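Participant: Quick check, what structure comes out for this input:
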Amino acid sequence: MSESRVKVQIDKNEFVWEKDQGTFKYDGASSLLFWDSAMEIMLQTIEEVSGSNVSKTVLEATGFRMGKLVSEYYKDRIDVDNILEEYSNIYRNAGWGIITFSSYSFENKRAIVRSRNSWENRILSFSDRTKTGAILPSQWAGLFSGLFKENMWYQINKSQLNGDEFDEIEVFPSSITPSKNIHNITRQKEHQYIDELEEMVQLRTQELSTLVNELSSPVIPVLEDILIMPLIGKFNEERFSNVIEKALDEFSTRGAEYLLIDLTGINEFDDFTVQSINHLIESIKLLGGECIVVGISPKLGTKMVALRVEINDVNCYSSLRQGILFALKQSGYHIVKKD
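Facilitator: Now for the predicted structure:
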């Protein structure tokens, strides 16, 4: 019968398997064992889901915090030489790679870390990557931030993935932090989202403007030579330009003689509206036609008088019915009520 508890001692590091409990401990701490290929799948999935830029920031933040966590274990010790030697042995004995500290200076707050066959490097080599990973370099930044008691960051000087003999990571004081990187990524995403929303709003606004122009000022034929155009809402230069263009096109195409301009849907009258209506009237005249203004309510009529509105040489009627009867009469039609 096999033992339920297996312990292996490698140098000063102890590995313990509690088989009945299904647990594994490394130097007394609960740990996990993973295949390199399983870790590869996990990292690939993170990149596929979040994108290369975001995933790099996430992995850097993860590595940095892992390094800070390790430094907490050594926070009460000042023998940096022994700490780094112990950490190198931990790396080697755990199968994470061979680590050497080429140089470091507590006074200058700088360090150069060299590694061969690191677990991250092995994983990336499976995928034929040529770009060094982000977890371990940022982990060294986190570790030395704790040891040097100052914020540190990293740069990659050499990489095994690029054909170098080892990875070389230089760690130095910096204002760069994972928190700032995450904040920047978040801000970029916010700006991107806002830009997308603005583009969507602009597109929808354009669609709605087109729809409003089409629905609010239709040209309605009464007979072959009589058209009605109701004006609804408030007009600006662009909208009235479309109204005039539509009216002239329909008037010319249908060979009409009369255009009834219905003001029932207009509540406010200003100089621009008056000038635009007069412009429409003069344009129809140039095509040999005549405009009739209808739908002037008592309220609107009072406003027009108060504003001294003048609509040039045009027949005006309070109702659409009166305007249509006038146009029919002018065209030679006569309406007879059926018995």
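
Participant: all helices of the stretch 201-339 of the chain, in order?
Facilitator: In the stretch 201-339 of the chain, the segments counted as helices under DSSP state H, counting those that start in this stretch are 237-254, 271-286, 298-306, 320-330.

Participant: With respect to Asp79, which of these lies nearest?
Facilitator: helix 237-254 (77.3 Å; C-beta to C-beta). C-betas here are computed from N, CA, C, even on glycine.

Participant: what sits up against that closest one?
Facilitator: Applying C-beta atoms under 8 Å, 6 or more residues apart in numbering, the contact partners of helix 237-254 are 209, 212-213, 217, 219, 221, 224-225, 227, 229, 231, 235, 256, 259, 272, 276, 279-280, 283-284, 287, 289.

Participant: Centroid-nearest residue for the protein?
Facilitator: In the chain, the centroid-proximal residue (C-alpha atoms, centre = their mean) is Tyr193; its distance is 2.0 Å.

Participant: any idea of the mean pLDDT in the helix or strand hosting that residue?
Facilitator: Taking DSSP states H and E as the definition, Tyr193 sits inside helix 178-216. Averaged over helix 178-216, pLDDT sits at 72.

Participant: next one: stretch 294-302
Facilitator: 80.

Participant: measure that stretch end to end?
Facilitator: 15 Å (C-alpha to C-alpha, to the nearest Å).

Participant: Residues contacting it, please?
Facilitator: Stretch 294-302 has contacts (C-beta under 8 Å, 6+ apart) with 230, 260-267, 269, 304, 316-320, 322-323.

Participant: Now which of the residues you listed would you call buried?
Facilitator: Those of those that meet the buried threshold are 230, 260-264, 266, 269, 304, 316-317, 320, 323, by 16 or more other C-beta atoms under 10 Å.

Participant: what about Arg116, distance to His334?
Facilitator: Between Arg116 and His334 the computed distance is 106 Å (C-beta to C-beta, to the nearest Å).

Participant: nope, Leu143 is what I meant
Facilitator: 101 Å.

Participant: and the two? which has more neighbours close in?
Facilitator: Leu143 (26 against 8; other C-beta atoms under 10 Å).

Participant: State the helix or strand in which the more buried one lies.
Facilitator: Following DSSP H and E, one finds Leu143 within helix 135-148.

Participant: Past that helix, which element shows up next along the chain?
Facilitator: Once the chain leaves helix 135-148, the next helix or strand it forms, by DSSP H and E, is strand 152-158.

Participant: and the helix or strand just after that following strand with strand 152-158, angle?
Facilitator: Using DSSP H and E, the helix or strand that directly follows strand 152-158 along the chain is strand 167-173. Relative orientation of strand 167-173 versus strand 152-158 (axes from the mean of the first three to the mean of the last three C-alpha atoms, to 10 degrees): 150 degrees.
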